[in-house]
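J.: For reference, the sequence and a predicted model appear below.
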Amino acid sequence: MNVMFIGIEEVEMVCQFCNKKEIGRAFTFRDLETGDIIRFGSQCAKKALGFSTSSKMGKKLRADIEATFQSECNEARKAGDFSKETSKRLSEKRQNAIDNIIRAGF
Ligand SMILES: [Zn+2]
């Protein structure tokens, strides 16, 4: 499954792995082949992505957070935005995403 981690959301959703309705922490990804947004419950995300350990999944989540941060920085620069505010905002967003996955046990 070729996906990019978007973030953890607190939403009501149907887990796309087990099809159960869940309220709470959703691991949200973008399917890189179809562009679709997919959500898994916290218990299913690891299984759905085929990771045998939390540490392997954690590595993938961190790598995707870094890749998103880099591409957002590049986009801002390309748009001529070199401001400290933007750089601070993107750094905070990155840090929040990392804090969220740590809180979720990854
Ligand atoms: Zn599930």
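T.: Looks like it came in fine.

J.: Excluding covalently adjacent residues, which one is nearest to E72?
T.: L90 (5.3 Å; C-beta to C-beta, 6 or more residues apart in numbering). Backbone N, C-alpha and C define where each C-beta goes, glycine included.

J.: SS state for that neighbour?
T.: Assigned with DSSP: H, G, I helix; E, B strand; the rest coil, L90 falls in the helix class.

J.: Contacts only, for it.
T.: Contacts for L90 (C-beta atoms under 8 Å, 6 or more residues apart in numbering) come out as F69, E72, C73, A76.

J.: Now do the SS call for G80.
T.: coil.

J.: Mind pulling up the pLDDT for it?
T.: With respect to pLDDT, G80 scores 97.

J.: Begin at 16 from now on, thanks
T.: In the new count, where the first residue is 16, that last one comes out as G95.

J.: Burial check on it, number of neighbours?
T.: Neighbour count for G95, taken as other C-beta atoms under 10 Å: 7.

J.: Which residues belonging to stretch 107-119 are considered buried?
T.: R109, A112, I113, N115, I116 (16 or more other C-beta atoms under 10 Å).

J.: which outside residues touch it?
T.: Taking C-beta under 8 Å, 6+ apart as the rule, stretch 107-119 contacts 22-23, 40, 42, 57, 73, 76-77, 80-81, 83-84, 87.

J.: which among the residues you listed gets closest to the ion?
T.: Proximity of the contacts of stretch 107-119 to the ion was ranked by C-beta to the ion; the top entry is S57 with 8.5 Å.

J.: So that closest one is in contact with T43, correct?
T.: No: in terms of C-beta atoms under 8 Å, S57 does not count as a neighbour of T43; the distance is 11.5 Å.

J.: Of those two, give the one with the bigger neighbour count.
T.: Taking other C-beta under 10 Å, S57 and T43 do not tie; T43 has more neighbours (19 against 16).
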